[in-house]
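the sequence and its predicted three-dimensional model are supplied below.
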Amino acid sequence: MSIEVLLNEFAEISEHPGRQIKAFKAEGKKVIGVLPYYAPEELVYAAGMVPMGIWGSNKKTISMAKEYCATFYCTIAQLALEMLLDGTLDDLDGLITPTICDTLRPMSQNFRVAMKDKLPCIFLAHPQQRKPAFGLQFTMDQYQHVKGELEKISGNTITDEALRETIKVYNRSRAARREFVKLAGQHPEAVSAVARSAVLRSAWFMIKDDHTAKLEQLNKELAALPASEWKGKKILTSGIICDNPKLLQIFDDNQIAIAADDVAHESRMIRVDAAETGDPMMALAQQFADQDYDILLYDEFSNQNRRADFVVKQIKDSGAQGLVLFMQQFCDPEEMEYPYLKKALDAAGIPHIKLGVDQQMRDFGQASTAIQAFADVL
């Protein structure tokens, strides 16, 4: 199958998550919504159900959700609730609500209240101190709670054997996505910014076996291409999410390729694998503990500006010439981090721009002007 055909298939899936849910339900499968982020999807899969990522929507306007939450909550959380209220996600059989940030923490209760007559909401609290033994135990206790609730919904027992096999499935998926990120950066002439996003976004809406099989086929085709003679610019993207096709099209129009990313919705989620042997629940807890360089995770060495240095190294290693930071409106952690990130980028002589974004944006005129100017700087 050609690269173009495969990319088109991923794009079709990424644009219609609701259609995917209905297809799974028609097959007799139960579907669990999973809010951002660092939720153990493996437990859903091991229970014989389908995990469905919920990262807001670029096509909806906040209306009904205003009754349940403050206007200064980020639009990812608000639009997730909007879709639950307006019937878009009525086919879900349950919802996992992590509390990884100051918006999702209270929003978890908003979801529970708003959905009390529709579907069960499973609360997931992550420890701040995730690396010490007590932090690992806390994570395991929370995962055990999630496991028990999922078993009630599915009617199946999640065995250690099933969970180990699931971890292998997810490790293979993460490896394939990491390889795709590398190959897409090497072949921007074949994978546009819009297409790259669609491939990574579709992973949230597909059973991982199916997504991995299709992606490994795409990776094989990309690896067989001759060396690229890209005449445009290359950047690294950073932020919580950047999946709006209209915004990404501006990069394609200006011959700006994404060499790699530091985006939570994309590469941050696939950096670390889980151990495939031993206690599988501890393997998942340790996987979360091993996550690093994320603004939403506690860093005991934050005074060393480790995350900013990590981003600078990513830019240099990927061959990118600059950074585009997608700043979610009302995201306090990102806003607080920016001065330290800017300091590291300036010290390294790396140009960057900061674009304020939210999922209700429909006019990208200012962003287009900024990106065109940035292309000239690069």
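Structure received.

how about the nearest residue to Ser154, chain neighbours excluded?
With CB to CB, 6 or more residues apart in numbering as the criterion, Ser154 has its nearest non-adjacent residue at 4.2 Å, and that residue is Ala47. All C-beta spots, glycine's among them, are computed from the backbone N, C-alpha and C.

what about the one you found, distance to Ile62?
Relative to Ile62, Ala47 is positioned 32 Å away (CB to CB, to the nearest Å).

of those two, who's got more company?
Ala47 (26 against 19; other CB atoms under 10 Å).

show the model's pLDDT score for the residue nearest to Ser154.
Looking at Ala47, its pLDDT reads 97.

again with Glu221
97.

circling back to that earlier point, which residues touch the residue nearest to Ser154?
Contact partners of Ala47, counting by CB atoms under 8 Å, 6 or more residues apart in numbering, are Lys147, Leu150, Glu151, Ile153, Ser154, Asn156, Ile158.

just those now: which is nearest Ala347?
Checking the contacts of Ala47 against Ala347 with CB to CB, the nearest one is Lys147 at 45.5 Å.

residue contacts, that closest one?
Applying CB under 8 Å, 6+ apart, the residues near Lys147 are Leu43, Ala47, Ile158, Met281.

isn't there a strand covering the third one?
No - secondary structure assignment (DSSP: H, G, I helix; E, B strand; the rest coil) places Ile158 in coil, not in a strand.

I'd assumed Ala46 was in contact with it.
Yes - Ile158 lies in contact with Ala46 (CB atoms under 8 Å); the separation is 4.8 Å.

which of the two has more neighbours?
Ala46 (28 against 23).

gap between that one and Ile96?
Applying CB to CB to Ala46 and Ile96 gives a distance of 14 Å.

one more: Tyr170?
15 Å.

and the furthest pair within the contacts of Lys147?
Ala47 and Met281 (13.5 Å).

does His164 touch Glu276 like I think?
Check again: residue 164 is Arg, not His. Yes - between Arg164 and Glu276 there is a contact at 6.3 Å, judged by CB under 8 Å.

between those two, who's got more neighbours?
Neighbour totals were compared for Arg164 and Glu276, and Arg164 leads with 19 against 13 (other CB under 10 Å).

got a list of what the more buried one touches?
Glu276, Thr277, Pro280.

just the pLDDT for it.
pLDDT at Arg164 comes out at 97.

so it, which of the three states?
helix.

would you say Asp243 is within a strand?
No - under three-state DSSP, Asp243 sits outside any strand and is assigned coil.
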